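Trainee: Okay, sequence plus prediction incoming.
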Amino acid sequence: MSGTNAVREGASRDDGEATLGRRDFFRVGAGAAAVTAGIAVGAGTVAAAYDGWLDNVSNYEGTVDHTGEDEVTVTVGAGNGLLFAPPAILVDPGTKVVWEWSGEGGQHNVVEADEEIFGSELTDEAGHTFEHVFEEEGTFRYRCEPHEAVGMKGVVAVGGTDDDLVAPANGSEEGGSSDDGADAASDGEDSDGNGEASEDGGSASGPASGGVTLSGNDLVAIGLGLGFSAVLFALAFGNIDPEE
């Protein structure tokens, strides 16, 4: 009996092969699930933001930070003609938001989804605009009524948001225009203008080339892959003792 117990409780058999009991197997599975869940939660801010209002909005990758601006423009009928762009924005109280129609995707309108605090007419006229000034802090969800089901929805967050923030696509940093930055990069000059180029021939403060941006869905997929890999590793390199 003592020999049998030694084999069951020992970390290895005489031939050096690792033994994995049922409890150990489930610990591996639970650990893998925890890793997956941790990654999903870390990346799930985007997916869970605004109570899932933007879950089926294909161009949504976070809330674009437009704080510090007096007026922000949102395109109506962007992409395939059935999107708002950007779909989620963060602004300061008192900011005017202007929705401008692209003329694509048929007739659209802009209607606040919860209490209809604001609403536009239904039109497909290119260049048509509708505006609203957001005086109070809060989260305002809106939609295009004819195309809500296909993901034509948006959010204006006023004063703050728990969502991931992204920089405006065409924004430039204070203290200089984007044209000035492009000229400096092409000339290879430093900030003193002394003609000395940086090692990469561009702006020393610019982002490194070749970077990869991962969306929340990408990180969740990576987490699932790690979880499955851990379980497969346990199956491949450890024997499960059915009596454990």
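Mentor: Happy to help now that I have it. Numbering: from 1, shown residues only.
Trainee: When you work out contacts or count neighbours from here on, use the C-alpha atoms and nothing else.
Mentor: Will do.
Trainee: Can you pull out the low-pLDDT segments for this protein?
Mentor: 1-48, 171-244 (pLDDT under 70).
Trainee: Can you show me the strands along it?
Mentor: Along the chain, counting by DSSP state E, strands occupy 19-21, 63-65, 71-78, 83-85, 88-91, 95-101, 111-112, 129-134, 138-143, 153-158, 165-166, 239-241.
Trainee: So what touches the fourth one?
Mentor: Same thing as strand 83-85. Here strand 83-85 makes contact (CA atoms under 8 Å, 6 or more residues apart in numbering) with V57, N59, V74, T75, V76, G77, A78, G151, M152, K153, G154.
Trainee: Go ahead and confirm the fifth one touches W101.
Mentor: Pointing back at V76 there. Yes: here V76 reaches W101: they are 4.6 Å apart, a contact under CA atoms under 8 Å.
Trainee: Can you pick out the residue with more neighbours from those two?
Mentor: A side-by-side neighbour count of V76 and W101, using other CA atoms under 10 Å, places V76 first with 33 against 25.
Trainee: Pairing partners for that one in the sheet, please.
Mentor: Taking DSSP bridges as the rule, V76 bridges to F84, W101.
Trainee: Could you check how far it is from L54?
Mentor: 16 Å (CA to CA, to the nearest Å).
Trainee: who does G119 bridge with?
Mentor: Under the criterion used (DSSP bridges), G119 bridges to V111.
Trainee: okay but it is in contact with H108, surely?
Mentor: No: the criterion here is CA under 8 Å, and G119 misses it with H108 at 11.2 Å.
Trainee: So for the two, which sits in the more crowded spot?
Mentor: H108 (27 against 17).
Trainee: Pull the contacting residues for W99.
Mentor: Residues near W99 by CA under 8 Å, 6+ apart: T73, V74, T75, V76, V110, T129, F130, E131.
Trainee: if you set the cut-off to 6 Å instead, what comes out?
Mentor: Applying CA atoms under 6 Å, 6 or more residues apart in numbering to W99 gives the contacts T73, V74, T75, T129, F130.
Trainee: Now distance to T67 too, for these, in CSV please.
Mentor: CSV is the format used below for the contacts of W99 (distance: CA to CA, whole Å):
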residue, distance to T67
T73, 13
V74, 14
T75, 18
T129, 21
F130, 20
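Trainee: thinking Q107 is in contact with E125, fair?
Mentor: No: if you go by CA atoms under 6 Å, Q107 and E125 don't touch, sitting 8.0 Å apart.
Trainee: distance of the closest residue to G81 other than its chain neighbours from F118?
Mentor: In space, and not counting its chain neighbours, G81 is closest to G105: 4.0 Å by CA to CA, 6 or more residues apart in numbering. For G105, the distance to F118 equals 22 Å [CA to CA].
Trainee: more crowded one of Q107 and E125?
Mentor: With neighbours defined as other CA under 10 Å, Q107 and E125 compare such that Q107 has more, 20 against 15.
Trainee: ok, the residue lying closest to I117 once chain neighbours are set aside - contacts?
Mentor: Nearest residue to I117 in three dimensions, chain neighbours excluded: V111, at 7.9 Å (CA to CA, 6+ apart). Applying CA under 6 Å, 6+ apart, one finds that V111 lies in contact with F118, G119, Y142, R143.
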